[in-house]
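Participant: heads up, no residue letters with this:
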């Protein structure tokens, strides 16, 4: 009897950790992925040459298989090549969600209303759809230089956003209802339109206190704002410097206003980094651990 109980116990333990197929999505296609949830951590990996999470839908009630389950953290493996649509709607993650560098496009509603403080975007991503992160709780996002088209940030908790010069266009309504947004750093050649409006509806409530920092010619930035219908917003000349993977943004008085990006592995600030972020005392400054 003891041997039988032991065998059953091992079988239950094994099945609890087994990978499960993602199944058939809302379009009737088999999602090329499998997943498991262990101790609240959802891990998803691709199956075959094109790991696809699938396209899911609230309208049909055909939801991603992990939806509604006890998920506290999310791990997406590099074998996933396509995030699909609505795969991580309302997902919860106590740690930042890292998108693997196998991804080039973040699709519609991929992380709609995701409950996490940060989503880390790799250098492989070039296009962020208009609804990718809408209404998620993210407070910080670092946009890599690889991104050409930016969108999907409506209704987020973002405070400071640095748009790299690589971004050719910001999609309409990208920053509408971002009521916590305090600063937006942008280049002179990035195309903008109704980035703070919800099409013809009421504007975001935060435009009065919003600061626009321009990394190029402020006259060109102001002309872009005017053409987009935001003539009341005047840009502030900004300069940037990139050191050790981080972009530092300074206003026209040389004050550090925000940073973007992740430091490369390093235990302490270099002398150059310390000079960028620390107040000088005479000819010295402190090196800080991070």
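Facilitator: Cool, the structure landed. Bear in mind that the values here come from a model prediction, so they are computed numbers and not experimental data.
Participant: hey, let's count contacts and neighbours off CA atoms from now on
Facilitator: OK.
Participant: quick one, what contacts the residue nearest in space to the middle of the chain?
Facilitator: For the chain, the residue nearest the mean C-alpha position is residue 119 (4.0 Å; CA atoms, centre = their mean). Each residue near residue 119 by CA atoms under 8 Å, 6 or more residues apart in numbering is listed here: 96, 97, 98, 99, 138, 140, 141.
Participant: and if you look at residue 233?
Facilitator: By CA under 8 Å, 6+ apart, residue 233 lies in contact with 207, 211, 212, 222, 225.
Participant: measure it to residue 76 for me?
Facilitator: Applying CA to CA, to the nearest Å, the value for residue 233 to residue 76 is 40 Å.
Participant: so which of the contacts of residue 119 would you say is closest to residue 33?
Facilitator: Distance to residue 33 across the contacts of residue 119 (CA to CA) is lowest for residue 99, with 15.4 Å.
Participant: check contacts around the closest one.
Facilitator: Listed by CA under 8 Å, 6+ apart, the contact set of residue 99 reads 76, 119, 120, 121, 122.
Participant: and the closest residue in space to residue 231 that isn't next to it in sequence, how many neighbours does it have?
Facilitator: Once flanking residues are discounted, residue 231 sits nearest to residue 225: 5.8 Å by CA to CA, 6 or more residues apart in numbering. Neighbours of residue 225 under the rule other CA atoms under 10 Å: 22.
Participant: and residue 225, that one's in a helix?
Facilitator: Yes. Assigned with DSSP: H, G, I helix; E, B strand; the rest coil, residue 225 falls within a helix.
Participant: these two touch, right, it and residue 218?
Facilitator: No. Contact criterion CA atoms under 8 Å: residue 225 and residue 218 do not qualify, at 10.3 Å.
Participant: show me the contacts for residue 134.
Facilitator: 109, 111, 112, 113, 152, 153, 154, 155, 156.
Participant: would you turn the residues you listed into a markdown table with pLDDT?
Facilitator: As requested, the contacts of residue 134 are exported to a markdown table (pLDDT from 0 to 100):
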| residue | pLDDT |
| --- | --- |
| 109 | 95 |
| 111 | 97 |
| 112 | 96 |
| 113 | 96 |
| 152 | 95 |
| 153 | 97 |
| 154 | 95 |
| 155 | 94 |
| 156 | 96 |
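Participant: so which of those are in helices?
Facilitator: Within the contacts of residue 134, no residue falls in helices by DSSP state H.
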